[in-house]
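Asks: Build me a model from this:
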Amino acid sequence: MKKFVFYPLLFSINPILLLLAANISDVPVSQLFPVILITPLVAAGLLWLLTKWLKDIHRAGFIVFLLTFWFFHYGTVRLWAGSIKIGPVLLGSQWLFFPLWTFIFVFLMSGYLWRRITSPKTITLFFNLTCVVLVGFSILRISLDVVPRYLTRVEVSKALQSLPDLPSTSSQPDVYYIILDGYAREDVLREMYHYDNSAFINELEDKGFLIARNSQSNYMQTALSVASSLNMDYLSGLSTIVPDRGQLMGMIQHNQAMAIFKHMGYKLVTFDSGYQSTDITNSDIHLVSPRLGKSHNLEALMLINSVASILIENKWIDVPIPRYSSAQERMKYEFDTLGSEVPNITGPKMVFAHFITPHPPFIFDQNGPISSEKFYVLQDGNNFWGTREQYINNYVEQIIFTNKQVIKVIDGIIANSKSPPIIILQADHGPGAYLDFKSVENTCLKERFSIFSAYYLPSGSTEENINDLTPVNIFRYIFSSDFKIHYDLLPNKQYYSTWDLKNSFLDVTENSQLTCNLP
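Replies: Model prediction:
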């Protein structure tokens, strides 16, 4: 550990691992490659060149370590220092921080300082050990989320074994489960958003849909809600040690509802949702827009946090972060394909489509796409980048656009289906203009838990049957009423959770429909 200088290579990959760990729910692990291979190669090249020049591998290793720190952590430290003032000037201002940052590292790399180090091998030993610990911690943090994706799943074998004899799949209806992210119930839109959505509701009713007038979500975050609805149960036994959404992603990828449909001979059809937690890729047919190239979120985050942020801020280079245009294309492809091509896929099929609309960021007004070059970053509640008034106004604009697209999709599905399908239109949770992810006391629970739900059911159900169905019960009801597979309905419950402690649930059932004192 004293003789071999390998810590610069380890330290060159740790910023990348830290960024992935901090964004593990939104960035696929596959994006580690090839950047995780390139950075240590660059560090190794610099180490070799400096060793040849200085004739001292210990000093060369120390310089490469400092160069790596100077490059990769510039943006992070500048952000931390941004609010510190030196006289009337903010320390985080670019023209002040960059020279100061660079001067510090030039001094640390100088021969003047190195000559005062009496034991270079001790420096090497310390940083070798430190970087082993840092990289090990980052890998552990990533593993705590990624491993549960493959190991966490609901036990479905017993459920499949207990299924009754089922009729031929040729006589079974296609099933469409369409999630409109953050779509509010009609009364909430009227009371809190000052928008009358009755024209859309009436049009759905004219087409044969039943509207659940009192529908609520069970959870207030997408991954929680979808994992619960697709597995037809409340989320119990989730570990609070696992830092992110890995358990939920495992439950969504290997869910009970789809397993039952698969057992009945159904094809499973899913879409690239643009949100990793609900992107079910192990289906029979996974549809992705051919116009969308590979995303480079991890590389973009790396550049934004590095010295390259100077070039980005001055628009000298373009950062490969997702923009409105990519999200707009993804949703356009989902809407177009769902209503035209998917109904023509042969055989009975269960289709899952998650649309990240009307959820912010608001990338459509009522007439279509807007601001295509803006950066696309998911945000909601007290994390929203704007005022409450902007949220409400832009949310309504996106609702109007979404309504138009949904009607086209429904018309296409019904017209192109050989037999009447089952269509579930449902929000995973409500909007978040009055949501505080850190405080249940500062959150309007009625806004967040009141969701739009509409059902097209050939079984002859009535609105009385589905009036207060929550997502946890939707497939229990469908299997019982349309497939004669009996499931008891569970009591309707609502659970609040903060963003950071998403697996710690507070039962707010009694308060979820109380009138809010809005500012």
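Asks: going forward, measure contacts between C-alpha atoms and count neighbours the same way
Replies: Fine.
Asks: Which strands or helices does the helix or strand encompassing I252 pack on?
Replies: Element membership for I252, per DSSP states H and E: helix 246-253. When contacts are defined as 3 or more CA pairs under 8 Å, 6 or more residues apart in numbering; DSSP states H and E, helix 246-253 packs onto helix 120-151, helix 222-231.
Asks: And the longest one, how far out from the chain middle?
Replies: Yep, that's helix 120-151 we're talking about. Distance of helix 120-151 from its chain centroid, counting by CA atoms, centre = their mean, to the nearest Å, is 25 Å.
Asks: same check, this time on the shortest one
Replies: Its chain's average C-alpha position is 13 Å from that of helix 222-231, according to CA atoms, centre = their mean.
Asks: returning to that earlier point: out of the helices and strands packed on helix 246-253, the one nearest E205 is which?
Replies: Shortest distance between E205 and these, using CA to CA, is found for helix 222-231: 23.9 Å.
Asks: mean confidence score for the closest one?
Replies: Averaged across helix 222-231, the pLDDT comes to 95.
Asks: Would you mind listing the outside residues contacting that helix?
Replies: With CA atoms under 8 Å, 6 or more residues apart in numbering as the test, helix 222-231 has contacts from 154, 181, 217-219, 234-235, 245, 248-249, 251-252, 255-258, 277-278, 428-429, 471-475.
Asks: Based on its surroundings, how many neighbours for G75?
Replies: 22 (other CA atoms under 10 Å).
Asks: What residues sit buried inside the helix or strand harbouring Q405?
Replies: Using DSSP H and E, Q405 falls within helix 388-416. Buried residues in helix 388-416, defined by neighbour count with 16 or more other CA atoms under 10 Å: 391-392, 394-403, 405-407, 409-410, 412-414, 416.
Asks: same thing with stretch 280-300?
Replies: Within stretch 280-300, the residues that count as buried by 16+ other CA under 10 Å are I280, S283, I285, H286, L287, V288, S289, H296, N297, L298, E299, A300.
Asks: Do I have it right that the last one meets V319?
Replies: It stands for A300. Yes: between A300 and V319 a contact is recorded at 5.7 Å, counting by CA atoms under 8 Å.
Asks: for the stretch 1-150 of the chain, what spans make up the strands?
Replies: For the stretch 1-150 of the chain, applying DSSP state E, counting those that start in this stretch gives strands covering 85-86, 89-90.
Asks: now do the stretch 201-350 of the chain
Replies: Using DSSP E, counting those that start in this stretch, the strands found in the stretch 201-350 of the chain span residues 210-211, 267-271, 285-287, 349-355.
Asks: What's the mean pLDDT across the longest one?
Replies: Translated: strand 349-355. Mean predicted lDDT for strand 349-355 stands at 97.
Asks: low-scoring pLDDT stretches of the stretch 1-150 of the chain, where are they?
Replies: Low-confidence segments of the stretch 1-150 of the chain (pLDDT under 70): 1-2, 85, 87-89, 92.
Asks: Please repeat the previous calculation with a cut-off of 90.
Replies: Scanning the stretch 1-150 of the chain with the threshold set as pLDDT under 90 gives 1-4, 22-31, 33, 75-97, 112, 115-118, 141, 144-150.
Asks: And for the closest residue to W114 other than its chain neighbours, the neighbour number?
Replies: Nearest residue to W114, sequence neighbours excluded (CA to CA, 6 or more residues apart in numbering): R59, at 7.5 Å. Using other CA under 10 Å, R59 has 24 neighbouring residues.
Asks: Of the helices and strands packed on helix 246-253, which is nearest G111?
Replies: Nearest to G111 among the helices and strands packed on helix 246-253 is helix 120-151 (12.8 Å), distances taken as CA to CA.
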